[in-house]
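Undergrad: Got a predicted structure plus its sequence, pasted below:
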Amino acid sequence: MHIKSICCIGAGYVGGPTMAIIAKYWPDIQVNVVDINPERISQWNEVDLSNLPIYEPGLKEIVEKCRGKNLHFSTDMKNNIANADLIFISVNTPTKTKGIGTGQAIDLKYVEASSREISKYAEGHTIVVEKSTLPVKTAQTIKAILDASTKGENNYNQKTFSVLSNPEFLAEGTAINDLENPDRVLIGGEDKEAINGLVDIYSKWIDKGKVLTTDLWSSELSKLISNAFLAQRISSINTISALCEATGAKIKDVSRAVGMDRRIGKYFLNSGPGFGGSCFKKDISNLVYISNHYGLFEVADYWQKVLDINFWQQSRFVELIVKTMFGTISSKTIAILGFSFKANTNDTRESPAIQICKKLMEEGAFLQIYDPKVKYSQIKKDLESDEEEIVEGKWIYSNSIHETFYNADAAVFLTEWEEFESLNWYEISKKMRRPSWVFDTRSIVNMECVKKSGINIWQVGYGN
Ligand code: NAD
Ligand code: UGA
């Protein structure tokens, strides 16, 4: 099948970068990214590329090159769906907040809405690709919705569909590199011609040996399990960080020694404030839900522990900060360094910083928050989302890193931004109130330099 036009429903952290890469490698294919959120679309169309809705190294250069040529962002679902030979569904799949499965099951309402739009507007034969991360067997639901429109006399446009699963493995902050050099591309489906069409798209820049094809259910499940395994490693190393603090072993040495065993591998062994981001928590919660649904209670309990440890790590840090600062942080000023859930992204979804900051404010601290990429409005939204707890007046946004330390009793490092690694601690120590502390939850600051400046320091995974 010759693909001339691609549509992507959902202009988010996955839809935007993924389609930019396809547009880069396929100048002859028209790539249309559509979204129901007009504000997001207008940000993607911003003349000033530093205002794109997503910060991702390397992204704006590609958008600059392709936008208006073969990469378009719009809210016009009808025409872009009708013209597409292949449609990616790349909408958000949040955890349900109401009804059956609250807090665990995935809310499929956006996926269902997209499928209904496709079923209404598609013309001729269309390949529909699940790009969003979905519970195993969701393709069945999508197929049922699409097939309903192919039956009966209303099918004037002779619609037919093939459904594929093609989960995305990119990580934020490295999205462009991950898309250009993936470890693998996974395509699940039954229709060989449709699979080959998608394989051809990727083969333009990815070695065919890295493109793995499976059935639909294996593909859907593999995505959930990849995230679960990654998150499990983080919870594992975080339990060991506490053990290192108790015994005097050094977490980085332990991670290095363990990770040098090729069977274990060196990645995802950095201890920190727990995993954040929009996906690990929701995907593992979903895995727990699915396992319980199939009566596999031990399996569910096993994965639930990964989530419990993540929560525990954040709570123990807050307790430790309060205990170290003479048992109270009431009316003390705390500098917060980093608010995004990891470095090189402006995304704050499920960022450990949100819970940690809220808990510190609950204990009475006043926060001065700095992040190189997260805007004031986003932090305000995240911190002021709880209706019961009024946090207004309990924190301020620092426009520069140096302001953040002014009069602070403590500085808490929550994101591993590179600029935090080489700070002038002598200058900082003059700005802080004494006795002063640094709590480094990412073990990124130079411990010796901090100590030399007369500031007390605690680092995750290091005993005193
Ligand atoms: P996102 O929230 O950034 O973007 C989703 C977009 O879909 C939003 O702009 C929303 O307005 C739009 N949308 C929702 N319903 C729509 C509809 N009916 N029609 C048109 N647009 C609609 O989400 P994301 O981070 O891009 O994640 C999307 C999916 O990809 C999720 O399933 C997620 O689990 C998965 N995923 C995310 C990442 C990541 O790093 N963020 C990586 C791999 C996979
Ligand atoms: C993660 C996966 O890495 C991607 O493969 C997947 O596609 C994506 O989820 C998804 O499905 O959304 P992402 O959440 O963007 O990507 O970022 P990660 O690099 O995985 O980091 C997640 C969290 O774990 C961050 O808070 C990070 O700081 C933390 N982390 C990561 C650690 O605490 N230690 C580590 O060693 C690695």
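TA: All right, it came through fine. It should be emphasised that the depicted structure is a prediction, and the values quoted were computed from it without experimental measurement. Ligands and ions are numbered 1, 2, ... in the order given.

Undergrad: just to confirm, which helix or strand has residue 32 in it?
TA: strand 30-34 (DSSP states H and E).

Undergrad: next one: residue 438
TA: Going by DSSP H and E, residue 438 is in strand 437-440.

Undergrad: strands paired with the strand holding residue 32, and their directions?
TA: strand 5-9 (parallel), strand 71-74 (parallel) (DSSP bridges).

Undergrad: Buried by neighbour count: which residues of the very next helix or strand once past it qualify?
TA: Note on strand 30-34: by DSSP H and E, the next helix or strand toward the C-terminus is helix 38-44. For helix 38-44, a neighbour-count test (16 or more other C-beta atoms under 10 Å) marks 40-41, 43-44 as buried. (Each C-beta comes from the backbone N, C-alpha and C, glycine too.)

Undergrad: thinking again about what came up before, now for the strand holding residue 438, which elements pack on it?
TA: helix 297-324, strand 410-413, strand 456-459 (3 or more C-beta pairs under 8 Å, 6 or more residues apart in numbering; DSSP states H and E).

Undergrad: just checking, what packs against the first one?
TA: I take that to be helix 297-324. helix 216-247, helix 280-293, helix 352-362, strand 437-440, strand 456-459.

Undergrad: Then the last one?
TA: With contacts defined as 3+ C-beta pairs under 8 Å, 6+ apart, the packing partners of strand 456-459 are helix 297-324, strand 437-440, helix 447-452.

Undergrad: again, only using 10 Å
TA: Contact here means 3 or more C-beta pairs under 10 Å, 6 or more residues apart in numbering; DSSP states H and E; on that basis strand 456-459 packs against helix 216-247, helix 297-324, strand 410-413, strand 437-440, helix 447-452.

Undergrad: just those: most buried one?
TA: strand 410-413 (a mean of 26; mean count of other C-beta atoms under 10 Å).

Undergrad: So for the helix or strand just after that strand, what gets flagged as buried?
TA: Counting by DSSP H and E, the element after strand 410-413 in chain order, helix or strand, is helix 425-431. Residues of helix 425-431 classed as buried: 425, 428-429, 431 (neighbour count, 16+ other C-beta under 10 Å).

Undergrad: Identify the farthest-apart pair in the residues you listed.
TA: Pairwise distances across these (C-beta to C-beta) peak at 10.6 Å, for the pair 425 and 431.

Undergrad: List the buried residues of stretch 386-401.
TA: So stretch 386-401, judged by 16+ other C-beta under 10 Å, has buried residues 391, 394-395, 397-398, 401.

Undergrad: Kindly format the C-alpha coordinates of that stretch as PDB.
TA: The C-alpha atoms that make up stretch 386-401 are tabulated as PDB, following Å, rounded to 0.1, in the frame of the first residue of the first chain:
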ATOM      1  CA  ASP A 386      -5.800  20.700  46.000                       C
ATOM      2  CA  GLU A 387      -8.900  22.500  47.000                       C
ATOM      3  CA  GLU A 388      -8.700  21.700  50.700                       C
ATOM      4  CA  GLU A 389      -5.100  22.900  51.200                       C
ATOM      5  CA  ILE A 390      -4.500  26.600  50.600                       C
ATOM      6  CA  VAL A 391      -0.900  27.100  49.500                       C
ATOM      7  CA  GLU A 392      -1.200  30.700  48.200                       C
ATOM      8  CA  GLY A 393       1.400  32.900  49.900                       C
ATOM      9  CA  LYS A 394       3.500  29.900  51.000                       C
ATOM     10  CA  TRP A 395       5.800  29.800  48.000                       C
ATOM     11  CA  ILE A 396       7.300  32.100  45.400                       C
ATOM     12  CA  TYR A 397       8.700  31.500  41.900                       C
ATOM     13  CA  SER A 398      12.400  32.400  41.500                       C
ATOM     14  CA  ASN A 399      13.300  33.800  38.100                       C
ATOM     15  CA  SER A 400      17.000  33.100  38.600                       C
ATOM     16  CA  ILE A 401      18.900  30.300  40.400                       C
END
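
Undergrad: All set now, cheers.
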